[in-house]
Each structure stands twice: as structure tokens, then as C-alpha cells.
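Participant: Sequence first, predicted coordinates after that:
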Amino acid sequence: MTTTKLDLTGLKCPLPALKTRKALKSVTPGDFLEVHCTDPLSVIDIPNLIRETGDKVEITERSDARIVFLIEKTNGTIDKSNNASPRT
């Protein structure tokens with residue numbers, strides 16, 4: 001398992017979530033992405049993003065100075081395909 005660190009301190013909404021989404025694309029399933037943020041809205045935005053991606057997240061540090069998220073990349077991808085039968 002590898003942990004990749006992403007320093008997003010000083011960035012304001014929506015940049016932390018957007019950059020986290022982009023960084024997750026290069027993380028291998030089973031590995032971790034550690035995200036450091038200072039934007040208070042990231043405690044809402046990043047967990048919402050992770051719900052969409054199907055990965056796992058936990059806040060490992062939360063203070064006035066920064067918020068640290070540990071995201072585990074899983075194999076879980078949300079299926080957005082349409083399973084409806086075609087009309088005949």
C-alpha cells in the first residue's frame with residue numbers, strides 16, 4: 001500500500017474537491033490519498049465527492065489550522081449505466 005500526499009492548503013472551494021477528484025484518478029485501488037486542506041467547506045465537499053466515487057474517506061485531523069483526509073481508493077465504481085430494456 002502506498003500513500004500519496006496532496007497539499008491543497010490555501011485553496012478555496014471548489015478547488016480542493018476538484019483537485020482531489022483529479023488526483024484520485026492516478027491512485028491504484030488499495031492505495032491511499034492523504035489530502036491536506038484549509039478550506040472549512042472541504043469537510044462537506046470532499047466526503048460528498050467520495051460518496052460519488054465509491055471510495056472510503058476518514059478525517060484524520062481537524063483543527064482551526066487544517067483538515068486532513070485519508071482516502072482509500074477502492075475497486076468500487078458507481079455504475080451510471082442505464083439498465084433499462086430498449087423498446088422493440
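Facilitator: Okay, I see it.

Participant: When you work out contacts or count neighbours from here on, use the C-alpha atoms and nothing else.
Facilitator: OK.

Participant: Angles on the backbone of the residue nearest to Leu70 when sequence neighbours are not counted, please.
Facilitator: Distance criterion Cα to Cα, 6 or more residues apart in numbering; nearest residue to Leu70, sequence neighbours excluded, is Glu34 at 4.6 Å. Phi and psi for Glu34, reported as degrees, to the nearest 10, are phi -100, psi 120.

Participant: try Asp45
Facilitator: Backbone torsions for Asp45, taken as degrees, to the nearest 10, come to phi -70, psi -50.

Participant: The most centrally placed residue in the chain: what's it in contact with?
Facilitator: Nearest residue to the geometric centre of the chain (Cα atoms, centre = their mean): Ile50, 4.5 Å. Going by Cα atoms under 8 Å, 6 or more residues apart in numbering, Ile50 touches 56-57.

Participant: Show me where this structure has its helices.
Facilitator: Secondary structure of the chain (DSSP state H): helices located at 15-24, 42-53.

Participant: Give me the residues contacting the first one.
Facilitator: Right, the one you point to is helix 15-24. 6, 8, 33, 35, 37, 39, 42, 45-46, 49, 73.

Participant: Many thanks, I have nothing further to ask.
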